[in-house]
Structures are given as structure tokens and as C-alpha cells.
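Enquirer: predicted coordinates and the sequence they were generated for:
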Amino acid sequence: MKLTKQGLFADVSRDALKLVGELRSGDGVDPREEAKRRRRERRAERPGQGHGVHKQEQFLAQVREAIETALQAAAAPILNLLMVHEVVQQGGSLVVVLTPTQTGEAVDLAEATKAIEEASPRLRGEVAAAITRKDTPHLTFILLPPGARKLEE
């Protein structure tokens, strides 16, 4: 290789022409498509099912917190004795599983069920105020007797 200005550029330009003339992986691929492919690969490497699972858990926690707060602030004293055990998505609605709190007071399940049915529109309104969604989910309430801690599927 000559050290003259023209010789150096001539060698570099020949090397550049060789590189430009070679086909490599990714040549002719839209960079946007390549970026999408890399994102999909990174998402597949993450444990769980991706971003949607986290958002669903966050949503269910918001619903749970809104209902618990509404139950504690309810005018009917029997509703104050209930707590949210679990919130589960089932189809297009949410199933809210309620249990009596651990206060030791006896809870009449029939009376509590009736109070929940009467308060369900207000509870749905509290959920609507607490979440930012286009549609408020339909809520179904299940009251478990004291001592029952697990929803059987």
C-alpha cells in the first residue's frame, strides 16, 4: 500500500467496493421490521406472559382496593364486617369473593348477601370512579362462609 494520498484512497475505495458488493444478513430488510423482531424476541425471553399479565394484576388490585374501601365506608354495618378475599376475571365480568373479617363477630350470611345485592350498584360506581377504563366491568359477588378461604374451581 502506497502512502500517497491517491494510493491510500484507491486502496480504501477498492476495499469499500468489495464490502458494498457483498450481501449480508439483514440487507434489504426494513429497519422497522427488524426492530419489531428484536422486541418480540426480548418479550419472549421475559418470564410470564408479558406486559398484559402485569396490567391485569394491577387492574384487579385496583378493583379490590376500591371495593374494600367502599365496604368499610358503607352505611350498612353488616358490609363493614366483610372483606375482599379475591377478585377473579371470569369471561367479561369480575367475580369478587367476599369473606367475613376476622373480628370474631357472627355474620348472618343471608342478611349479608341481601346487603351486598342492594349495595352492588354503589360498589360498581366506586370501582368506576377508581379505575380509568372505557367500560366498567360487570361485578358478581360471592360471599363465602367464615372459615372458607379458598375458591374452588
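Expert: Everything's here; your move.
Enquirer: how about the helices of the protein, start to end?
Expert: When secondary structure is read from DSSP state H, the chain shows helices at 5-21, 31-45, 51-73, 77-80, 109-130.
Enquirer: could you point out which of those helices sits nearest residue 89?
Expert: Ranking the helices of the chain by proximity to residue 89 (CB to CB) places helix 51-73 first, at 7.0 Å. For the C-beta atoms, the positions are set from N, CA and C on the backbone; glycine is no exception.
Enquirer: and the angle from that closest one to helix 109-130?
Expert: Helix 51-73 and helix 109-130 meet at an angle of 120 degrees, taking axes from the mean of the first three to the mean of the last three CA atoms, to 10 degrees as the criterion.
Enquirer: for helix 51-73, packing partners?
Expert: Under the contact criterion of 3 or more CB pairs under 8 Å, 6 or more residues apart in numbering; DSSP states H and E, helix 51-73 touches helix 77-80, strand 82-90, strand 93-100, helix 109-130.
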